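# Predicted coordinates and the sequence they were generated for:
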Amino acid sequence: MAATVAIYYWWPAGTAVLTHVATWQRTGGIISSAVAMSLAGGVLSELSLIYFQDKGRWTAAHLDNMAFKIVFFLISGSIVYEFYLWQTFWFGEGASWSILLPKVMVDQFIYSVIWSLPFQTLSFRWHNLGYSGRRLWKELGLDFIVERMLPVLVTNWMFWIPGVLFIYSMPTVLQMPLAIFATAIWSVLLSAVSKQGVSEPMPLTGVPEIVAQPVE
């Protein structure tokens, strides 16, 4: 991501290429952005599990996981697209710290805490519980916040604080393509995190183990 930002600002040929990407973004609007994010976050992460973890063995669970994540990131992509436009409306466009810092603060300490984290954690947990709202409701409480949401939030900050700093350094029309690239990395990262310290068969959702396992 840092290389992409550097190429845009300091390499004329790279600027020209990214300008064509910006044209695609402007033409496709929210629909193309949402579809691209669903493919990056929904398909790429599951393919990484299939071909790097499960040696290319497809199962019905993989198809279910992929379908769920495609829908999830389609919704997320639509929301993020509008959110970035509002960030530009509120704080302006540019790479100065007076513009970048407010955007990063609002993104990570308001948007992520109030919306992104709960939406992600609850959605993936609901999926892991077999789409059972009743079972999910029974788990909600202080333990759910401390054992599931808080660790995911910390992981989110570690990845996305530098990530959105690069994203907001780009012109508004190029922020979404860079966010889509970051989402692909984020999905793979979550899949890797879920493998740490697991001694039983892995849940194939591409989310951290703290989301996938029941709270005691």
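That came in fine, so what should we check first? Nothing here was measured: the structure is a model prediction, and the numbers come from that model. Numbers count the residues shown, from 1 in each chain.
# Not counting sequence-adjacent ones, nearest residue to the most centrally placed residue in the chain?
Nearest to the mean C-alpha position of the chain, counting by CA atoms, centre = their mean, stands Thr183 at 4.2 Å. In this structure, Thr183 finds its nearest non-sequential neighbour in Gly41, 4.4 Å apart by CB to CB, 6 or more residues apart in numbering. Just so you know, the C-beta spots here come from the backbone N, C-alpha and C atoms, and that holds for glycine as well.
# where does the one you found land in three-state SS?
With DSSP: H, G, I helix; E, B strand; the rest coil as the basis, Gly41 sits in helix.
# Enumerate every residue touching it.
Lys69, Phe72, Phe73, Ser76, Gly77, Thr183, Ala184, Trp186, Ser187 (CB atoms under 8 Å, 6 or more residues apart in numbering).
# between those, which is closest to Val106?
Ser76 (17.2 Å; CB to CB).
# In contact with the residue nearest to that closest one when sequence neighbours are not counted, which residues?
Excluding the flanking residues, the one nearest Ser76 by CB to CB, 6+ apart is Met37, at 6.5 Å. By CB under 8 Å, 6+ apart, the contact list for Met37 reads Phe73, Leu74, Ser76, Gly77, Val80, Met176, Ala179, Ile180, Thr183.
# Quick one: neighbours of the third one, just the number.
Spelled out, that is Ser76. By other CB atoms under 10 Å, the residues close to Ser76 number 23.
# Then the fourth one?
Summarising burial for Gly77: neighbours were counted as other CB under 10 Å, giving 26.
# ok, so what distance separates it from Trp97?
Distance of Gly77 to Trp97, given as CB to CB, to the nearest Å: 28 Å.
# which residues in the chain form helices?
Taking DSSP state H, the helices of the chain run over residues 2-10, 12-38, 45-48, 60-91, 97-106, 117-128, 133-139, 142-144, 150-169, 172-193, 209-212.
# okay, those in CSV with mean pLDDT next?
Shown next, in CSV, are the helices of the chain (pLDDT from 0 to 100):
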stretch, mean pLDDT
helix 2-10, 85
helix 12-38, 80
helix 45-48, 77
helix 60-91, 90
helix 97-106, 94
helix 117-128, 86
helix 133-139, 88
helix 142-144, 85
helix 150-169, 90
helix 172-193, 77
helix 209-212, 46
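# re the thing from before, my read is that the residue nearest to the centre of the chain contacts Phe73, right?
Yes: checked against CB atoms under 8 Å, the pair Thr183 and Phe73 is within contact range at 6.7 Å.
# Tell me the residues that contact both of those two, please.
In contact with both Thr183 and Phe73: Met37, Ala40, Gly41, using CB under 8 Å, 6+ apart.
# one step back: redo the contacts of Gly41 as TSV? Include distance to Thr88.
Putting those into TSV (distance: CB to CB, whole Å) gives the following:
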residue	distance to Thr88
Lys69	28
Phe72	25
Phe73	22
Ser76	19
Gly77	17
Thr183	19
Ala184	23
Trp186	22
Ser187	26
